[in-house]
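1. Provided below for reference: sequence and predicted model.
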Amino acid sequence: MGADSENEEIRDSDLLFRRLHRFTLSPDGSVNSAAFKENGLYPRELSADLARLLRGPEECLARANRQDLGVGGLLARVPRSLDFFVEHDPLPTNDAHTAITGENSKIKARQLAAHTVVLIRPR
């Protein structure tokens, strides 16, 4: 497929995968707002993978080529409910790439984190 492939329509019920670092988990094991920040800032665009285009969260993780990361799952309806756009945005090396774009903030990052489930724990 690659970057020339057709964009998939993303339904509110679609699961998105987002890679997680160790520091994005709270002591109780839940995801914290750092999972939706980059370099201490709240970016306007966050990357995720459209789960139904992958064989599972392991494939999302394998593409990172890092053994210390984990994967969280989030339904597309969550960022949309916070006024983010969620669009399939395939890259040459990642057909499942999905862009979550919009005004991000501490409050929104906390809400995204509260709805993210850890599927593979970071090491």
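-> Perfect, I can see it now.
2. Tell me, how many residues neighbour the closest residue to residue 26 other than its chain neighbours?
-> Nearest non-adjacent residue to residue 26, counting by C-beta to C-beta, 6 or more residues apart in numbering: residue 32, 4.8 Å away. Where C-beta positions appear, they are placed from N, C-alpha and C, glycine not excepted. By other C-beta atoms under 10 Å, 19 other residues sit near residue 32.
3. Surely residue 32 touches residue 24?
-> Yes. Look at residue 32 against residue 24 with C-beta atoms under 8 Å: they come within range, at 5.9 Å.
4. Give me the common contacts of those two.
-> By C-beta atoms under 8 Å, 6 or more residues apart in numbering, residue 32 and residue 24 have these common neighbours: residue 113.
5. now the residue nearest to residue 26: how far from residue 8?
-> 29 Å (C-beta to C-beta, to the nearest Å).
6. Pull the residues that contact stretch 101-114.
-> If you take C-beta under 8 Å, 6+ apart as the criterion, stretch 101-114 is touched by 24, 30-37, 42-46, 74, 78-79, 82-85, 87.
7. Much appreciated, bye for now.
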